[in-house]
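Student: Any chance you could fold what I've pasted below:
(one chain, ligands or ions: 4)
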Amino acid sequence: MIPYGDYHMHTPLCGHATGTPEEYVKQALKIGLKEIGFSDHAPMAHKPMPDITMSFEDLPKYNAMIEDVRKRYASQISIKIALESDFLPGYESKTKSIINSYPYDYIIGSVHFIDDWAFDNPDTREYWKKYDVNEVYRKYYALLRQSAQTRLFQIIGHCDLPKKFGTRPTVDLTDEIKATARVFKDTGVAIEINTAGLRKPVAEMYPSLHCLKIYREAGVPLTFGSDAHDPLDVGKDFDKAVDLAKSAGYSEYLIFKNKQIEKTVAF
Ligand code: ZN
Ligand code: FE
Ligand code: FE
Ligand code: ZN
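Tutor: Numbers count the residues shown, from 1 in each chain. Ligands and ions are numbered 1, 2, ... in the order given. Here you go, the predicted structure:
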């Protein structure tokens, strides 16, 4: 069975996505999803970044826009309202005030920055040459653990994102991943299988099977997300995502409401 919930999709308010929320909803209906969650990029806590996230002023508009489709399509599909929030160390209280400003169903916490470098941004891809790849991964996993420990987030986004452009660690980081999995389990966060990686140079989902097995063994629960920035990508490659989840030993995923687990669905 294809998971009926896609928990990761964006809107044009972030400055780098296309399509109206209604178009995302229509695509979800077309492919038979029963639940979706909008999780557009929350305003940055440290400075405005108009090409990456919505602004503070956009938040009420975002909430109203999603509530509008939620109401209009209530008889056909369940729509959750969420945010993808950057984890920026030192900005936890500002982040908290943003994500608590509205009754969101869940918050995806994502690490996109290491030392102020947006390591997954194609515009700063050349910075990879300046960094030690293994050091980037170690810092990344430390930030993932720190992000879970804030207890601000219910889901941790694309949890091996540094591989996006195909840059891989040259040493075995299994211990780092295991330490991260333990923290995720202890803090009660879920991870996502994010199919967007298939559409990136790395051409594989986040996280890899190797990582996913470690999270499964640690008892970290799962959600599914397409990370669609275009309506046509809603629910994309979810058949592959289910195969990956099963290969790692997963048999269920989570549905959230009001930042609580609403139910567990078997697949
Ligand atoms: Zn984005
Ligand atoms: Fe992200
Ligand atoms: Fe996203
Ligand atoms: Zn994302």
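
Student: contacts, neighbours, all on C-alpha from now
Tutor: Fine.

Student: Let me see the contact set for Phe87.
Tutor: Gly109, Ser110, Val111, His112, Phe113, Leu143, Ser147 (Cα atoms under 8 Å, 6 or more residues apart in numbering).

Student: ok, for it, nearest residue in space, not its chain neighbours?
Tutor: Val111 (5.4 Å; Cα to Cα, 6 or more residues apart in numbering).

Student: Hmm, that neighbour is touching Asp86, no?
Tutor: Yes - with contact defined as Cα atoms under 8 Å, Val111 reaches Asp86; the gap is 5.9 Å.

Student: the more surrounded of the two?
Tutor: Val111 (25 against 22; other Cα atoms under 10 Å).

Student: can you list the weak-confidence ranges in the stretch 1-150 of the chain?
Tutor: 1-2 (pLDDT under 70).

Student: can we see that at 80?
Tutor: Filtered on pLDDT under 80, the stretch 1-150 of the chain yields the residue ranges 1-3.

Student: in it, which spans are helices?
Tutor: In the stretch 1-150 of the chain, the segments counted as helices under DSSP state H, counting those that start in this stretch are 21-30, 59-72, 92-99, 133-149.

Student: Same list (the ones you listed) but as CSV, adding distance to Ile52 and mean neighbour count.
Tutor: Below are the helices of the stretch 1-150 of the chain laid out as CSV (distance: least, Cα to Cα, whole Å; neighbours: other Cα atoms under 10 Å):
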stretch, distance to Ile52, mean neighbour count
helix 21-30, 18, 19
helix 59-72, 14, 16
helix 92-99, 16, 16
helix 133-149, 19, 19
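
Student: Nearest to Asp175, out of these?
Tutor: Between Asp175 and the helices of the stretch 1-150 of the chain, the tightest spacing by Cα to Cα is seen for helix 133-149, at 10.3 Å.

Student: Quick check: next helix or strand after that closest one?
Tutor: strand 155-156 (DSSP states H and E).

Student: Direction included, what does that next one pair up with?
Tutor: strand 106-110 (parallel), strand 190-194 (parallel) (DSSP bridges).

Student: okay, the ones you listed in TSV with mean neighbour count and distance to Pro162 next?
Tutor: Converted to TSV, the strands paired with strand 155-156 look like this (neighbours: other Cα atoms under 10 Å; distance: least, Cα to Cα, whole Å):
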stretch	mean neighbour count	distance to Pro162
strand 106-110	26	12
strand 190-194	26	14
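
Student: now, which of the contacts of Phe87 sits nearest Glu135?
Tutor: Distances from Glu135 to the contacts of Phe87, taken by Cα to Cα, are shortest for Leu143, at 12.2 Å.

Student: which ones are touching the closest residue to that closest one other than its chain neighbours?
Tutor: Leaving aside its chain neighbours, Leu143 sits nearest to Val111 (7.0 Å; criterion: Cα to Cα, 6+ apart). Contact analysis of Val111 by Cα under 8 Å, 6+ apart lists Asp86, Phe87, Leu88, Tyr140, Leu143, Leu144, Ser147, Gly157.
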